[in-house]
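[1] Can you look at this prediction? I've put the sequence above it.
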Amino acid sequence: MSRRLLRLLAVLVAVTAASFSMVSLLPGDTVTAVLGERASEEDRALAREELHLDDPLPLRYARWVGGAVTGDLGISYRTRQPVAEALGQRIGVTLELVLLSQLIALALAIPMAVLGALRPGSWLDRTLSGTQLAMLATPTFLVAIALVAIFAVQLGWFATTGYVPIGDGLFANLKSLLLPSLALALEQVALYARVLRTDLIATFDQDFIWHARAKGNSTARIVLRHAMRPSSIGLVTLAGITFGRMIGGTVLVETIFALPGLGRFTIDAINNRDFMALQGAVVVMTVGFVVLNVVADLLHGVIDPRIRSQRATAR
Amino acid sequence: MSAAKHRWGVAVWLSVGWLVVLALAAIFADVLPLYDPADTRAGIPLSIPTSQNWLGTDQLGRDLLSRTIYGARVSLVVGLAAVVLSSLVGGTIGVLAGYLQRTVEAVSLFTADVLMAFPSFLLAASIVAFTDSRGLLTVVLVIALLYLGPTIRIVRATTLSYANREFVTAARSLGATSGRVIRREIVPNVVPTTLSLAIVAIAGAIVAEGGLAYLNLSVAPPTPTWGSMIAAGKPKIDQSLYPVLVPGLALFLTVLALTLIGDAIQKRQGRNLGAI
């Protein structure tokens, strides 16, 4: 475990260094981006000085890392707001969005997988599999627009865009996030259901399930008490991995629904050439990715005791 | 499973048909009797399908059928080229990593980890934005980069499953060089296994291009792309559905077709390689 942690830490350093040098080396003049085309030569020189743009890259990266570990992610070139503060204001929205859509995805995927796995090859299973393939084939941003077109424009049940903070009432808050999280969840539903269905079918064929069945347990009890747990390893791994995919999705979903979240923030940073803001966002997302991978690993041990004992003997 | 005689279903043939028709239309768009995709006088703005404009017009009065067909060029070229590129590069790295192991393996797996830990869509978006060259080549390279990490991992894992099989050991004990073993024994086995994944990856690449185009970060206008058409139609969605519906449906059907074909190949190979 500690070796894996070390490896993930190395990944974190490599990603931040790569993104730092990438945004610094790519064409596009930072000073022009900050001050605009018509800034005077003096102002430019001052800005270069202030942003330490003339220092060598490794030094700038080292300085940035030094700040980052103490929670100082620099100052946005565009808005002059500390990046850490700006991220703090937006991360809540994205976390809520991702969490809500994970819940929706699991709530839809688990019953679909169980129903399919109970009778593989039946018409129900084939219908569900077909639905999942269609879900997999629908790009998230297309789902988002379709949901807006149907539920906001045609039926008028929801506002087309906008975010209601949780302070203005939980119900209004959830309502403003329902369509975006549904859009984000749909692809996950298909992925989760497919993996869980395959694993469940394999589990149902094992001796201990036949034993439980022979004892006269009900199907519901067999699924919930016996089959779910050993079948959920793939699901947990996938949920950890797909975080990166969801980030890509949040960028588009937050743009379409005008949510003030991390994805929208990053795209704005990209379009404004706001290097510090972009760098900060990349770090937050990469840390999230690393943490989720560790959590998924730990969960494997919780789900399957054999993995825990393997780890114990391997060290 | 009825693996003995697994025929392609109707859905797969329909999928192949759709892709063939779309590709032919995109290739021969210039000689087909279509409006110029940039012609703003093709019809009344936001018109519904008529005998002149079979699928309606967009907010500037441009013909949606013509724009969707020309848009297919970008989607298909980007999808195909990006996956071919990432398969060649990632496949080579993956095979070498799986066969040679040791340092090569450690370095390539670490590279794959870094590539996959990077918020990939943002990586693509920032490269396109910062390089300011929103040409086809940039978009292809960027999307190929997204698939490099997963390709390296999957090809390496597949190679690993063949690296110690008897026929490989036999070839090696007959004195074959590593290069010959890789070319004659490993690659012919790895390629078919990863083919179905490549087809699904094309679908993913087309979706990624659509997303970039929606954010105005794909090939620059006036070249029509499905994503940019959808983005342009969205603000007027309360007045006319067609500017979003037509390219959206084209995108959906194309991705669905590729997904169905990839799924069918996977089933035929009697294997479920998971969702990655």
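    Thanks, I have the structure now.
[2] residues near residue 167, how many?
    Since you didn't name a chain, this refers to chain A. Residues near residue A:167, counting by other CB atoms under 10 Å in any protein chain shown, number 8. Every residue, glycine included, has its C-beta placed from N, CA and C.
[3] if you could check chain B rather than the one you did, that'd help
    As a burial measure, residue B:167 scores 12 neighbours (other CB under 10 Å).
[4] now the one 4 residues further on
    Look at residue B:171: counted by other CB under 10 Å, it has 16 neighbours.
[5] got it, and residue B:51?
    Close neighbours of residue B:51, defined as other CB under 10 Å, add up to 5.
[6] Quick check: it vs residue B:43, distance?
    Per CB to CB, to the nearest Å, residue B:51 is found 10 Å from residue B:43.
[7] Repeat that for residue A:144.
    From residue A:144 across to residue B:43, the span is 28 Å (CB to CB).
[8] Comparing those two, which shows the higher neighbour count?
    With neighbours defined as other CB under 10 Å, residue A:144 and residue B:43 compare such that residue A:144 has more, 25 against 21.
[9] thinking residue A:281 is in contact with residue A:87, fair?
    Yes. Contact criterion CB atoms under 8 Å: residue A:281 and residue A:87 qualify, at 6.6 Å.
[10] okay, and the common contacts of these two?
    A:262, A:265 (CB atoms under 8 Å, 6 or more residues apart in numbering or on different chains).
[11] who's more crowded, the two?
    Higher neighbour count among residue A:281 and residue A:87: residue A:281, with 29 against 21, using other CB under 10 Å.
[12] residue contacts, the closest residue to that one other than its chain neighbours?
    Nearest non-adjacent residue to residue A:281, counting by CB to CB, 6 or more residues apart in numbering or on different chains: residue A:266, 4.3 Å away. By CB under 8 Å, 6+ apart, the residues touching residue A:266 are A:251, A:277, A:278, A:281, A:282, A:285, B:119, B:122, B:125.
[13] what helix or strand is the fifth one on?
    Put plainly, it is residue A:282. Assigned by DSSP states H and E, residue A:282 belongs to helix A:275-303.
[14] one step back: and the residue nearest to residue A:281, how far from residue A:274?
    Plainly put, residue A:266 is 10 Å away from residue A:274 if you go by CB to CB.
[15] Based on its surroundings, how many neighbours for the nearest residue to residue A:188 once chain neighbours are set aside?
    Closest residue to residue A:188 apart from its sequence neighbours, by CB to CB, 6+ apart: residue A:105 at 3.7 Å. Counted with other CB under 10 Å, residues neighbouring residue A:105 total 25.
[16] Same check on residue A:40?
    Residue A:40 has 9 nearby residues by other CB under 10 Å.
[17] In chain B, what residue lies closest to chain A?
    Residue of chain B nearest chain A, by CB to the nearest CB: residue B:121 (3.0 Å).
[18] Report whether the expected contact of that residue with residue A:250 is present.
    No. The criterion here is CB under 8 Å, and residue B:121 misses it with residue A:250 at 9.2 Å.
[19] Now the residue lying closest to residue A:262 once chain neighbours are set aside: which helix or strand?
    Spatial nearest neighbour of residue A:262, excluding adjacent residues (CB to CB, 6+ apart): residue A:94 at 4.0 Å. Take DSSP H and E as the rule and residue A:94 turns out to sit in helix A:83-118.
[20] got it, and residue A:18?
    helix A:2-25.
[21] near chain B at all, that helix?
    Yes. On the criterion CB under 8 Å from any CB of the partner chain, helix A:2-25 is in touch with chain B at A:7, A:10, A:11, A:12, A:14, A:15, A:18, A:19, A:22, A:23.
[22] By neighbours, which of the residues you listed wins?
    Busiest of those [other CB under 10 Å] is residue A:15, holding 25 neighbours.
[23] and the closest residue to residue B:66 other than its chain neighbours, helix, strand or coil?
    Nearest non-adjacent residue to residue B:66, counting by CB to CB, 6+ apart: residue B:34, 4.1 Å away. With DSSP: H, G, I helix; E, B strand; the rest coil as the basis, residue B:34 sits in coil.
[24] what about residue B:34, neighbour count?
    Neighbour count of residue B:34, defined by other CB under 10 Å: 19.
[25] Hmm, it is touching residue B:68, no?
    No. Between residue B:34 and residue B:68 there is no contact under CB under 8 Å: 10.1 Å.
[26] just to revisit the earlier point, identify the residues contacting the residue of chain B closest to chain A.
    Counted by CB under 8 Å, 6+ apart, residue B:121 has contacts A:247, A:248, A:251, B:146, B:208, B:211.
[27] Now for the third one: which residues touch it?
    By CB under 8 Å, 6+ apart, the contact set of residue A:251 is A:263, A:264, A:266, A:267, B:121, B:122, B:125, B:211, B:215.
[28] ranking those by neighbours, who comes first?
    Neighbour max across the contacts of residue A:251 (other CB under 10 Å) = residue A:266, 30 neighbours.
[29] the inter-axis angle of whichever helix or strand that residue is part of versus helix A:2-25?
    Assigned by DSSP H and E, residue A:266 falls within helix A:262-271. If you take axes from the mean of the first three to the mean of the last three CA atoms, to 10 degrees, helix A:262-271 sits at 40 degrees to helix A:2-25.
[30] what angle sits between helix A:262-271 and helix A:275-303?
    Using the same axes, to 10 degrees: helix A:262-271 against helix A:275-303 is 150 degrees.
[31] Quick one: distance of stretch B:209-218 to the chain centre.
    14 Å (CA atoms, centre = their mean, to the nearest Å).
[32] Please point out which parts of it sit buried.
    B:209, B:210, B:211, B:212, B:213, B:214, B:215, B:216, B:217, B:218 (16 or more other CB atoms under 10 Å in any protein chain shown).
[33] Using PDB, write down the CA coordinates of it.
    What follows is stretch B:209-218, C-alpha atoms only, in PDB (Å, rounded to 0.1, in the frame of the first residue of the first chain):
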ATOM      1  CA  GLU B 209     -14.200  16.100 -30.800                       C
ATOM      2  CA  GLY B 210     -17.900  17.000 -30.500                       C
ATOM      3  CA  GLY B 211     -17.400  18.200 -26.900                       C
ATOM      4  CA  LEU B 212     -14.300  20.300 -27.900                       C
ATOM      5  CA  ALA B 213     -16.300  21.700 -30.900                       C
ATOM      6  CA  TYR B 214     -19.200  22.600 -28.600                       C
ATOM      7  CA  LEU B 215     -16.800  24.700 -26.500                       C
ATOM      8  CA  ASN B 216     -15.500  26.200 -29.800                       C
ATOM      9  CA  LEU B 217     -12.200  24.500 -29.300                       C
ATOM     10  CA  SER B 218     -12.100  22.200 -32.400                       C
END
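[34] and it, average pLDDT?
    When pLDDT is averaged along stretch B:209-218, the result is 86.
[35] can you list the residues that contact it?
    Contacts for stretch B:209-218 (CB under 8 Å, 6+ apart): A:139-142, A:248, A:251-252, A:255, A:267, B:74-75, B:78-79, B:82, B:121, B:124-125, B:128-129, B:134, B:139, B:142-143, B:219, B:225-228, B:230-231, B:251.
[36] Go again with 6 Å.
    Stretch B:209-218 is contacted from outside by A:139, A:141, A:252, B:78, B:125, B:128, B:139, B:225-228, B:231, B:251, using CB atoms under 6 Å, 6 or more residues apart in numbering or on different chains.
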